[in-house]
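Visitor: Okay, sequence plus prediction incoming.
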Amino acid sequence: MFSTVFLDLPPLVHAAGAVTLPGSKSISNRVLLLAAMSEGTTTIHDLLDSDDTRVMLIALRTLGCLVEESGTTVRITGLAGKLPNGSAKLFLGNAGTAMRPLTAALAVVAGDFELSGVPRMHERPIGDLVDALRQLGCAIDYLGNDGFPPLKLGKPALKLDAPIKVRGDVSSQFLTALLMALPLVATKDIVIEVVGELISRPYIEITLNLLARFGVQVQPDEWQRFTIPAGAKLRSPGDIHVEADASSASYFIALGAISTAADGQNGIKVQGVGADSIQGDIRFMEAAQAMGAKIDSGPNWLHIQRGAWPLKAIDLDCNHIPDAAMTLAVMALYADGTTTLRNIASWRVKETDRIAAMATELRKLGASVVEGADFIQVTPPASLQGWKPASIHTYDDHRVAMCFSLAAFNPARVQLRIEDPKCVAKTFPDYFETLFSVASSATSSIPVICVDGPTASGKGTLAAVLAEKLGYHFLDSGSLYRITGLAATRAGIPLDIANEAAIVALLNTLPIHFEGSHIWLGNEDVSELIRTEEAGMNASKVSAFPAVRSALIDLQRNFRQLPGLVADGRDMGTVIFPEAALKVYLTASAACRAERRLKQLISKGIPATLDSLRADLEARDARDSSRTVAPLKPAQDALLLDNSELTVDTSVQTVLDWWQSKQPF
Ligand SMILES: Nc1ncnc2c1ncn2[C@@H]1O[C@H](COP(=O)(O)OP(=O)(O)OP(=O)(O)O)[C@@H](O)[C@H]1O
Ligand SMILES: Nc1ccn([C@H]2C[C@H](O)[C@@H](COP(=O)(O)O)O2)c(=O)n1
C-alpha cells in the first residue's frame with residue numbers, strides 16, 4: 001500500500017493483463033456478522049483484508065467471538081445469538097457495513113454497548129435505523145447528535161407484534177441491518193415494512209442471498225414488505241467463499257474500456273468475479289458496455305477491451321449501482337458528450353458528500369460539471385488544451401482515489417496527483433500496485449530523481465527517504481558494483497583490468513535480486529556483507545572497468561518503473577538517466593564524511609579510526625573521479641547540495657522542495 005502524503009501518477013498510455021481483486025466488502029462484512037451470530041463454525045475463504053473488515057473482526061473479538069485468521073481464510077465459531085461479553089465499547093472506524101448491522105444485532109440482544117467511529121462516521125445518518133429499532137422496543141441513546149453515531153445500546157423490551165417500519169430511501173443498509181438482526185429474536189413472524197422507495201436494491205439481494213446461505217429464508221413482497229419467519233435460526237453453512245468485489249472491478253472494467261493494449265497483449269482480465277455475481281455492482285458492466293466497452297465473461301472472470309472510442313456519453317439512473325457509478329463519472333471524461341448520472345442522492349451521505357467531491361475534482365481536471373441534489377452531469381474538456389494537471393483531494397474516500405486514478409489516461413498527458421492514496425485501504429489496500437501491474441507509461445514519462453556524489457555524503461540515506469516519501473522505487477546502484485566485487489573475490493579472480501572479461505562473464509551469471517531493502521545473491525542475503533569498507537573499495541575497483549559498467553546499464557535502467565524512481569550512485573545523472581527530471585549532486589566535506597562513516601561503523605560494532613577512514617574515502621573518491629568511464633562528477637544540470645551542516649531531514653526537505661517546484665500542481 002502507498003502510505004505517502006500523495007502519489008503522482010505519470011500519464012498512463014496502455015493497460016493489459018490480468019488482475020485478481022480482493023474480496024467484496026459488502027459480502028465480507030455481512031458474512032462475518034452472520035457467522036458470528038449463527039450456530040456452528042464457519043470457514044470464510046477469500047475474505048477481504050481491509051480497514052472495514054478489520055474493524056468488524058476486532059468488534060467480533062471484543063464481543064467474545066472466537067476468530068481464527070490464516071491469510072485470507074478466517075474461521076469463526078458462532079455465538080448462536082448469545083454474547084459472552086454483555087457489555088463492550090466498539091470503535092467501527094468509517095465502516096457503514098459494520099456500524100449499521102452491529103447496531104441492529106446488538107440492540108436486539110441483551111447487553112450494554114457503545115458504538116462509535118471516526119468523525120465522518122458521526123456525520124453519517126443512522127436515525128432511521130434507530131427509529132425502526134425503537135419501535136421494536138430497543139433501548140438506544142444518542143451520545144452525540146440526534147440521528148447520528150455514537151450510540152449507546154441498552155437492554156431491549158422487545159415487542160414483535162406490529163410490523164416494523166423503516167425508511168428505504170436514505171440507505172439500504174438500515175433494512176439490511178434489520179434483516180440480519182431479527183432472525184436472532186424471531187420467536188414469531190416479524191414483518192418489516194419499507195417506507196419510501198427502496199434504494200440500492202441489489203444490496204438487499206446480497207443480504208437475502210446470504211441469509212439463505214445461513215438458513216434463513218426471508219419472504220420478500222414487492223420490495224415493500226419482508227417477513228422473517230417464526231423460528232428462523234442462523235446456522236453456519238460450513239464453508240463460504242467471498243466473491244471478488246464487483247465495485248472494485250469497476251475500475252478495471254473502466255480501465256479495459258479506456259485503454260489500448262500494448263503490443264501483443266489483449267485487454268484486461270478481471271479474476272474472481274463474473275457476470276453471474278450476486279453483487280449489484282456487477283451491473284456496472286452494462287453501463288460500461290453502453291459507453292462502448294467490449295466485455296466477455298465467464299463464471300468467475302471478466303475480459304474487457306476498448307470498443308467505441310471516444311466512449312459514448314450516457315444518461316443513466318444509477319440507483320442500482322451507487323458505488324460503481326462514481327467510476328462512470330470519471331469515464332465520462334473520455335466520452336463524446338455530456339454524461340448524466342441520476343438518482344444518486346445516496347452519494348451525499350457516504351464516506352464524504354460524493355456528488356460535491358466528484359464535481360469539485362472533475363472541474364479541476366477541466367471538465368464542466370453540473371451537480372444537483374441527486375444527479376451529476378459531466379462534460380469532458382472540449383479540447384486537449386482544456387485538460388489541466390490536477391492534485392485530486394480524496395476526502396478520506398477510497399472510491400474517489402480509485403476512480404480518479406483513471407484520469408491518468410487523459411489524452412492531453414497532463415499529470416495527476418492523488419492525495420492521501422492510503423485511503424484505498426478501506427476496501428482495496430493494494431489498488432495502486434494492482435493498477436501499476438497492468439498499466440504502462442512511456443518510459444520517458446516515468447520520473448527519475450538522481451542523487452550522485454562521493455562516498456559517505458549521505459546519498460543512500462537521502463535517496464531512500466525520498467523514495468519512501470514519494471512512493472517511488474529506489475535504486476542503490478553502488479550495491480551492484482559491491483556484489484560484483486564480492487562475487488569476483490569469492491571466485492578468486494583478482495580485481496584488475498586484465499580480468500575484466502572474466503569478471504563480466506561472472507557478473508552475467510549472478511542471480512541478483514532485490515526485496516525491499518534486502519539484496520540477495522541467489523538464496524543468500526548479502527545486504528550486510530557488501531557494506532564493509534573492504535567491499536566498498538573492491539566495488540570502486542571493479543566499477544572502473546568499462547565492460548563491467550556496460551554490463552550493468554540495462555539492469556539499472558530497468559528499475560525505472562511506475563510510479564517513479566530515485567536512483568543513488570556516481571553516474572546516475574550523467575550516464576544512466578541523463579534525461580532525469582531532477583539531478584542532485586550531494587557533497588559534504590571529507591572531514592564530515594569520515595566522521596559520519598566512523599559513527600556508522602561504530603554503531604554496527606565495527607572498529608575503525610577517523611584518520612584511516614578519511615584516507616580510505618579520499619582514495620575511493622580519487623579513483624571514482626579519475627576513471628575514464630563515467631567518472632564521479634556532477635551532471636551539468638545537477639543541483640549541488642553540500643549537507644556538511646545539514647541534518648538528514650533538512651536535506652530531504654530541500655530536495656523535496658526542489659522536486660515540488662518542478663511539478664505543475
Ligand atoms: N545530512 C546528514 N547529516 C548527518 N549524517 C548524515 C547525513 N546524511 C547521511 N548521514 C549519515 O552518514 C552516514 C553515511 O550515509 P550514507 O550511507 O547514506 O552515504 P552514501 O553517500 O550512500 O555512502 P556510500 O556511497 O559509501 O554508500 C550514515 O550513517 C547516515 O546516517
Ligand atoms: N553508480 C555508481 C555507483 C557506485 N559506483 C562504484 C563507486 C563506489 O566507490 C562503489 C560503491 O558505491 P557505494 O555503494 O559506496 O555508493 O561503487 C559507481 O562507480 N557508480
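Guide: Yep, that arrived. Ligands and ions are numbered 1, 2, ... in the order given.

Visitor: And the helices in the stretch 351-500 of the chain, which stretches?
Guide: Assigned by DSSP state H, counting those that start in this stretch, the helices in the stretch 351-500 of the chain fall at 354-364, 398-405, 431-438, 459-470, 477-490, 500-507.

Visitor: right, so of these, which gets closest to residue 553?
Guide: helix 477-490 (10.4 Å; CB to CB). Bear in mind the C-beta positions are built from the backbone N, C-alpha and C, glycine included.

Visitor: Please point out which parts of that closest one sit buried.
Guide: 477-489 (16 or more other CB atoms under 10 Å).

Visitor: if we can go back for a sec, got TSV for the helices of the stretch 351-500 of the chain, with distance to residue 636 and mean pLDDT too?
Guide: TSV is the format used below for these (distance: least, CB to CB, whole Å; pLDDT from 0 to 100):
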stretch	distance to residue 636	mean pLDDT
helix 354-364	36	98
helix 398-405	36	98
helix 431-438	32	98
helix 459-470	19	98
helix 477-490	20	98
helix 500-507	29	98
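
Visitor: now for those, which one comes closest to residue 528?
Guide: helix 477-490 (11.2 Å).

Visitor: So what touches the closest one?
Guide: 460, 495, 499, 502-503, 506-507, 510, 512, 519, 521, 526, 529-531, 535-536, 538-543, 548, 552, 555-556, 567-572, 576 (CB atoms under 8 Å, 6 or more residues apart in numbering).

Visitor: ditto for stretch 601-617
Guide: Contacts for stretch 601-617 (CB under 8 Å, 6+ apart): 454-456, 532-533, 537, 590-591, 593-595, 597-598.

Visitor: what's the span of that stretch, first residue to last?
Guide: 14 Å (CA to CA, to the nearest Å).

Visitor: where do the helices sit along the stretch 1-150 of the chain?
Guide: Using DSSP H, counting those that start in this stretch, helices in the stretch 1-150 of the chain cover 25-37, 51-62, 96-108, 127-135.

Visitor: Mean confidence (pLDDT) on the strand or helix carrying residue 328, please.
Guide: Using DSSP states H and E, residue 328 sits in helix 325-331. For helix 325-331, mean pLDDT is 98.

Visitor: Specify the next element, helix or strand, located C-terminal of it.
Guide: Scanning onward from helix 325-331 (DSSP H and E), the first element met is strand 339-342.

Visitor: Does that next one pack against any helices or strands, and if so which?
Guide: strand 315-317, helix 325-331, strand 375-379 (3 or more CB pairs under 8 Å, 6 or more residues apart in numbering; DSSP states H and E).

Visitor: and of these, who's closest to residue 660?
Guide: Between residue 660 and those, the tightest spacing by CB to CB is seen for helix 325-331, at 25.5 Å.

Visitor: Now tabulate the helices of the stretch 1-150 of the chain in CSV and tack on mean neighbour count.
Guide: Output for these, formatted as CSV (neighbours: other CB atoms under 10 Å):
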stretch, mean neighbour count
helix 25-37, 27
helix 51-62, 21
helix 96-108, 27
helix 127-135, 20
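
Visitor: Out of these, which is closest to residue 631?
Guide: Across the helices of the stretch 1-150 of the chain, residue 631 has its closest neighbour in helix 51-62 (50.4 Å, CB to CB).

Visitor: now that closest one against helix 398-405, angle please.
Guide: Relative orientation of helix 51-62 versus helix 398-405 (axes from the mean of the first three to the mean of the last three CA atoms, to 10 degrees): 160 degrees.

Visitor: helices or strands up against helix 51-62?
Guide: For helix 51-62, the packing partners by 3+ CB pairs under 8 Å, 6+ apart are helix 25-37, strand 66-70, strand 87-91, helix 96-108.

Visitor: what's next to it, contact-wise?
Guide: 25, 28-29, 32-33, 36, 47, 67, 69, 74, 76, 85, 88-95, 97-98, 102, 425-427.

Visitor: what about 6 Å?
Guide: Residues outside helix 51-62 that contact it (CB atoms under 6 Å, 6 or more residues apart in numbering) are 25, 28-29, 32, 36, 67, 88, 90, 92-93, 95, 98, 425-426.

Visitor: Likewise for stretch 77-92?
Guide: In contact with stretch 77-92 (CB under 6 Å, 6+ apart) are residues 35-41, 55, 59, 62-66, 98-99, 109, 111-117, 184, 236.

Visitor: try stretch 403-423
Guide: 1-3, 6-9, 11-12, 254, 258-259, 326-327, 330, 365, 384, 387, 389, 391-394, 396, 398, 401, 435, 664-665.
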